[in-house]
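**Student:** I'll drop the sequence and a predicted model, then ask my questions.
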Amino acid sequence: MRTRFIAAAAALAGAGLVPGAAAAEEPEAPAPTVMQESTTEVVLPTGEAVGIAPDGVLDIDGGTYSVGKNADGERLLTPLDAVDEVAAGEYDAEAFNVDDPGGEEPEPEPEPEPNVTLTGAWLDGSAPELTGVAWTKVGTTEQGGPEYFEGGTAQFALEPGRYHVVTFMLKGVEGDEADVIASIQEVRVGAKPVELLVNGKKAKPLGFDLDREAVSGNVQLDVFSYPPNVQEGDGAYLGFWASPGGELYAVPTGRLTGGHDVGYVVREGLTSPSGVADPYSYSLLRHGSRGFRGDLTPAVHDEDLARIDADYQTLGAKGAFTRQDLPRHPDYEPGFYTNTGEVALPSSRTEFFTADEDFTWEHRAYFPYEGGPGSAWDLVHHRSGVLEAGSVQDMTWNNAPLSVGIDNNGQPWPPAAFVRWDRYESLYFGPWMFSSSANGEGVQSEYLPGKITLFQDGEILAQNDEIGVGLGIDEVAAGRLTLAAATEREASWTPLGTRSEAEWTFDYDPEGNPVLPVSVVEFAASGVVNGYAEAGTVQDVALEFAQQPGADDQVCAAMTFAVSYDDGASWTEVALDRDGDTATASLDLPEDAAFVSVRFTAADEAGNTVSHETIRSYGLR
């Protein structure tokens, strides 16, 4: 920064300043001075930033200022073109005080006296351990909370008017467990203090009455009063989540006025008791309107639900993973996945889901990470979309072979994606390096170490030592981009997928489709069960040129396939019978090999290319 010393001053009529050194013109600047490391910066109300050195010297880059002092001898630095505004009272002169930036803290406005006292009583009349409160003024977007109070008494201040008050009372709070009583009430606030009672003695069970005995894995409850045309942050909202669960109750709602969307959403994941011969699970959702009304624990029959017969294979090693589901409602987004318990691998299970045309289902399971947060772990994803009542379908999990993937298959975040996010003014690149393309499955490895690099014209634009990299839109010009990624891993839950490498070269248009034109070669190999195929047999292989979902459609122009039976030490090209975007091949699986590794290349008619290989895609036995 160029350093200048300004000693000009101007008369500030009515500002009460003691003038500093006066000069009709700006003096000639002395020799430049190097500022100390401890120089601080003050931003003036007009937006200029000036530096203050420890010895009191001002560091100013351009501009013309008036320097004066107040009665305490503190310097006031005012741009000359703002002097008239200060004199006219449009700015407070003390706002330009560079020796005491900000001046004294203004006296805080006194808090209004509480005029609403809420008292909560549990099922037996005792006080709850914790009470949560949120409120919204009827017919407005005014809202407050959530606030939480120990015990069963809460006090707060409300201006006169009608309010919807949403409350939670909790007991048995320990770790991730609690029982809760929810309520939605309307209250009128006037000149006199208001006493509001949440009477848990009137509470009724809230949940689902099932055909089978089931154990709660976790439960989520959202209770709200949203004004019309709700925007994020408007209205009253309380959310509750407990795992493995908790008893839910609600106090029936009385008369409500106003045009608010008042209600609740309850989501629950349940599993069969341990030791049953044929395991099962439930993933359920219900939305209630106009508060807590009617039957709060309605009967839910298996025949009215959607059913999925799930076959849980292994990826080459016996073990277990944890199953979760996510129902996406267009109006009430879920905060968490519902948990339906740990699943042994291999095993099978009958799974039931709420069926409704208004929302879609996504499914995932995770292998446990080792070493705590930040350690690599695998998330396996499926999606089934809208499910119809009484429908039955099959779903196979852990579908080797493994390879590089770019289809999310239900995972909302972080995405397997090559995208331009205009909203965040950024580009993001994040392939899944040990995924599965069979039976609509994706596998994401979180916190996967490796190296990922984005190039343009031989120059490195971005690099990261975990798979996934982002940078600003303004850092990348139109042209040809290359993304290279490589990773190795050892996982206790599978001997497969020990190393993967991939490289994409593609055209980038800052004004074009934000979903970038990248692809992979997906493939399925017959006879792979629990991660292994039978050695010494002939295996059918199906390949497909698969573009990133949402990208501009391109036609495959070239494709190759090679295999290795010695962990990539040598490779053999495989003849393909290709028809457009798909191809078939056959493999003579050797008797003496333990694993099959795969390598692919492909190009589209626009000249975008991909090459990727995975060591130990599946095993032989």
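**Tutor:** Thanks, I have the structure now.

**Student:** when you work out contacts or count neighbours from here on, use the C-alpha atoms and nothing else.
**Tutor:** Fine.

**Student:** skipping adjacent residues, who's closest to residue 172 in space?
**Tutor:** Closest residue to residue 172 apart from its sequence neighbours, by C-alpha to C-alpha, 6 or more residues apart in numbering: residue 178 at 4.9 Å.

**Student:** by contact count, what packs against the strand or helix carrying the one you found?
**Tutor:** Using DSSP states H and E, residue 178 sits in strand 177-189. Secondary-structure packing of strand 177-189 (3 or more C-alpha pairs under 8 Å, 6 or more residues apart in numbering; DSSP states H and E): strand 161-174, strand 248-250.

**Student:** hey, where'd the helices end up in the stretch 51-200 of the chain?
**Tutor:** Assigned helices in the stretch 51-200 of the chain, in chain order: 83-87 (criterion: DSSP state H, counting those that start in this stretch).

**Student:** residue ranges with poor pLDDT in it?
**Tutor:** Applying pLDDT under 70 to the stretch 51-200 of the chain flags residues 53-57, 59, 61-62, 102-106, 175-176.

**Student:** for the chain, same thing?
**Tutor:** 1-39, 53-57, 59, 61-62, 102-106, 175-176, 371-374, 408-416.

**Student:** show me what contacts residue 100?
**Tutor:** residue 74 (C-alpha atoms under 8 Å, 6 or more residues apart in numbering).

**Student:** identify the residue spatially nearest to residue 610, adjacent ones excluded.
**Tutor:** Here the residue nearest residue 610, using C-alpha to C-alpha, 6+ apart, is residue 504, at 4.5 Å.

**Student:** so residue 45, which of the three states?
**Tutor:** At residue 45, secondary structure determined by DSSP: H, G, I helix; E, B strand; the rest coil is coil.

**Student:** run a quick neighbour tally on it.
**Tutor:** 15 (other C-alpha atoms under 10 Å).

**Student:** please verify my assumption that the residue nearest to residue 610 contacts residue 484.
**Tutor:** Yes: the criterion here is C-alpha atoms under 8 Å, and residue 504 meets it with residue 484 at 6.6 Å.

**Student:** mind checking which of those two has more residues around it?
**Tutor:** More crowded of residue 504 and residue 484, by other C-alpha under 10 Å: residue 504, with 22 against 18.

**Student:** can you list phi and psi of that one for me?
**Tutor:** The phi and psi values for residue 504, taken as degrees, to the nearest 10, are phi -120, psi 140.

**Student:** who does it bridge with?
**Tutor:** residue 483, residue 610 (DSSP bridges).

**Student:** cool, and residue 267?
**Tutor:** Note on residue 267: beta-bridge partners residue 220, residue 285, judged by DSSP bridges.

**Student:** what are the contacting residues of the helix or strand hosting residue 464?
**Tutor:** Using DSSP H and E, residue 464 sits within strand 459-466. Residues from elsewhere that reach strand 459-466 (C-alpha under 8 Å, 6+ apart): 447-455, 469-471, 475-476.

**Student:** in ChimeraX, how would I select the buried members of those?
**Tutor:** What follows is the ChimeraX syntax selecting those of the contacts of strand 459-466 that are buried according to 16 or more other C-alpha atoms under 10 Å:
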select :447,448,449,450,451,452,453,454,455,469,470,471,476
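
**Student:** in strands only, show me the contacts of strand 459-466.
**Tutor:** Those of the contacts of strand 459-466 mapping onto strands are 449-455, 469-471, per DSSP state E.

**Student:** format these as TSV; extra columns: distance to residue 393.
**Tutor:** Listed next are the ones in strands among the contacts of strand 459-466 as TSV, based on distance: C-alpha to C-alpha, whole Å:
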residue	distance to residue 393
449	37
450	38
451	40
452	39
453	41
454	42
455	44
469	37
470	39
471	42
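
**Student:** circling back to that earlier point, nearest to residue 320, out of the helices and strands packed on strand 177-189?
**Tutor:** Evaluated with C-alpha to C-alpha, those place strand 161-174 nearest to residue 320, the distance being 26.3 Å.

**Student:** so what's the residue count around residue 292?
**Tutor:** 23.

**Student:** isn't it up against residue 249?
**Tutor:** No: Residue 292 is beyond contact range of residue 249, at 10.0 Å (criterion: C-alpha under 8 Å).

**Student:** okay, and the common contacts of the two?
**Tutor:** Common neighbours of residue 292 and residue 249 are not found (criterion: C-alpha under 8 Å, 6+ apart).

**Student:** tell me where the stretch 51-200 of the chain has strands.
**Tutor:** 58-59, 65-69, 75-79, 116-121, 130-137, 143-150, 153-156, 161-174, 177-189, 194-199 (DSSP state E, counting those that start in this stretch).

**Student:** just the stretch 301-450 of the chain next, same as before
**Tutor:** Secondary structure of the stretch 301-450 of the chain by DSSP E, counting those that start in this stretch: the strands cover 306-312, 319-328, 338-345, 347-353, 360-366, 377-385, 392-397, 402-405, 417-421, 426-430, 432-436, 442-446, 449-456.

**Student:** list the helices and strands the fifth one packs on?
**Tutor:** The elements that strand 360-366 packs onto, with contact taken as 3+ C-alpha pairs under 8 Å, 6+ apart, are strand 319-328, strand 377-385.

**Student:** also the shortest one?
**Tutor:** The helices and strands touching strand 402-405, judged by 3+ C-alpha pairs under 8 Å, 6+ apart, are strand 432-436, strand 499-508, strand 519-525, strand 609-620.

**Student:** got it, and the first one?
**Tutor:** Identification of packing neighbours for strand 306-312 by 3+ C-alpha pairs under 8 Å, 6+ apart yields strand 338-345, strand 347-353, strand 392-397.

**Student:** neighbouring strands for it, and are they parallel or not?
**Tutor:** strand 347-353 (antiparallel), strand 392-397 (parallel).

**Student:** equivalent analysis for the shortest one, please.
**Tutor:** According to DSSP bridges, strand 402-405 forms sheet pairs with strand 432-436 (antiparallel).

**Student:** and the third one, by the same measure?
**Tutor:** Strand 338-345 has its sheet partners listed here by DSSP bridges as strand 319-328 (antiparallel).

**Student:** the partner strand vs strand 377-385, what angle?
**Tutor:** Relative orientation of strand 319-328 with respect to strand 377-385: 40 degrees, computed using axes from the mean of the first three to the mean of the last three C-alpha atoms, to 10 degrees.

**Student:** strand 319-328 relative to strand 360-366, how many degrees between them?
**Tutor:** With the same axes, to 10 degrees defining the directions, strand 319-328 sits at 160 degrees from strand 360-366.

**Student:** distance from the chain centre to strand 319-328, please.
**Tutor:** Distance, stretch centre to chain centre, for strand 319-328: 17 Å (C-alpha atoms, centre = their mean, to the nearest Å).

**Student:** next: stretch 470-483.
**Tutor:** Its chain's C-alpha centre and that of stretch 470-483 lie 24 Å apart, by C-alpha atoms, centre = their mean.
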